[in-house]
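Visitor: A predicted structure for the sequence below; I have some questions about it.
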Amino acid sequence: INITTADSTLLFALGDNGFSGLTEYEGLEAGEYDLQAQDVYGCVEEQTVTVPGPPELVLALPADTTILLGEELQIEIFTNSTDSLVYTWNTTEYLSCDNCLTPLASPLTTIRYSLVVTDENGCKAGDEMLLEVRRVIDVFFPNAMAPTAAVDLNARFEPVFGPAVARVNSLQIFDRWGALVHEARNALPGDASLIWDGRHDGDYVMPGVYIWAVELELVDGGKEKFRGDVTVVR
């Protein structure tokens, strides 16, 4: 509370404190205060002064969210404070940073994050969110191909893997008699070695049904096997 007056003879009293020439009161808690002014004749004027509190510190994490295994989520943290904040997470596992407003979360399992921020005045605010991870192995394998087709995508056996797949340990394609016609090992998703153009030993294979088998290594360390067939047509 700062008092401004043109009369230097006035004395002031705040609450139960005695009169004095003090015109500035610091470190007051939020609330209402009775301020009195007294002149040289002993006349007293009283006024109620309200000291406002600081703005409430606000923090908000995103709403509960579901992602697929292998996906990432940018956690946008909202706060109304421009002060330097101290971040206190219940866990920083799978987070790219623990003291920024936009950490990148790459969880391998469902996890609940809770965060408390503290500003330079000691004010705190908190929030939490559930980040659910669905263990979905999203893969696609063509079931038919025409090696001599004019459209390239129809002419190739090109598997597509979702974000849960970290590595293709093996991919093998066999003809109806069990002979190996194509193989790839220790390949990353999207690697060209996983594409089969319908050739074996430099020549196009005969039309028919071919069996494929694949072993995948997932981002969480697990392994999955799939089998199926692809029909080669002319």
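Guide: Noted; the coordinates are in hand.
Visitor: Am I right that Asn154 sits in a helix?
Guide: Yes - counting by DSSP: H, G, I helix; E, B strand; the rest coil, Asn154 is part of a helix.
Visitor: and it, how far is that from Val214?
Guide: Note on Asn154: its distance to Val214, by CB to CB, to the nearest Å, is 21 Å. Quick note: C-beta positions are derived from backbone N, CA and C, even for glycine.
Visitor: Distance check, Leu188 against Tyr94.
Guide: 21 Å.
Visitor: Now do the phi/psi pair for Val209.
Guide: phi -100, psi 130 (degrees, to the nearest 10).
Visitor: let me redo that: Val116
Guide: Taking degrees, to the nearest 10 as the convention, Val116 sits at phi -120, psi 130.
Visitor: That one bridge partners, please.
Guide: Beta-bridge partners recorded for Val116 (DSSP bridges): Thr88, Gly126.
Visitor: One more: Leu11?
Guide: Gln38.
Visitor: what sits against it?
Guide: Counting by CB atoms under 8 Å, 6 or more residues apart in numbering, Leu11 touches 19-21, 37-38.
Visitor: can you check Ser170 too?
Guide: 183-185, 213-215.
Visitor: CA atoms of stretch 219-232 as PDB?
Guide: Below are the C-alpha coordinates for stretch 219-232, written out as PDB (Å, rounded to 0.1, in the frame of the first residue of the first chain):
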ATOM      1  CA  VAL A 219       9.700 -51.300 -30.500                       C
ATOM      2  CA  ASP A 220       8.900 -52.800 -27.100                       C
ATOM      3  CA  GLY A 221      11.300 -55.700 -27.700                       C
ATOM      4  CA  GLY A 222       8.500 -58.300 -28.400                       C
ATOM      5  CA  LYS A 223       8.500 -60.500 -31.500                       C
ATOM      6  CA  GLU A 224       5.600 -61.400 -33.700                       C
ATOM      7  CA  LYS A 225       5.300 -63.900 -36.600                       C
ATOM      8  CA  PHE A 226       2.900 -63.700 -39.600                       C
ATOM      9  CA  ARG A 227       2.200 -66.100 -42.400                       C
ATOM     10  CA  GLY A 228       0.200 -65.700 -45.600                       C
ATOM     11  CA  ASP A 229       0.100 -66.100 -49.300                       C
ATOM     12  CA  VAL A 230       0.300 -64.000 -52.400                       C
ATOM     13  CA  THR A 231      -1.000 -65.000 -55.800                       C
ATOM     14  CA  VAL A 232       1.200 -64.200 -58.800                       C
END
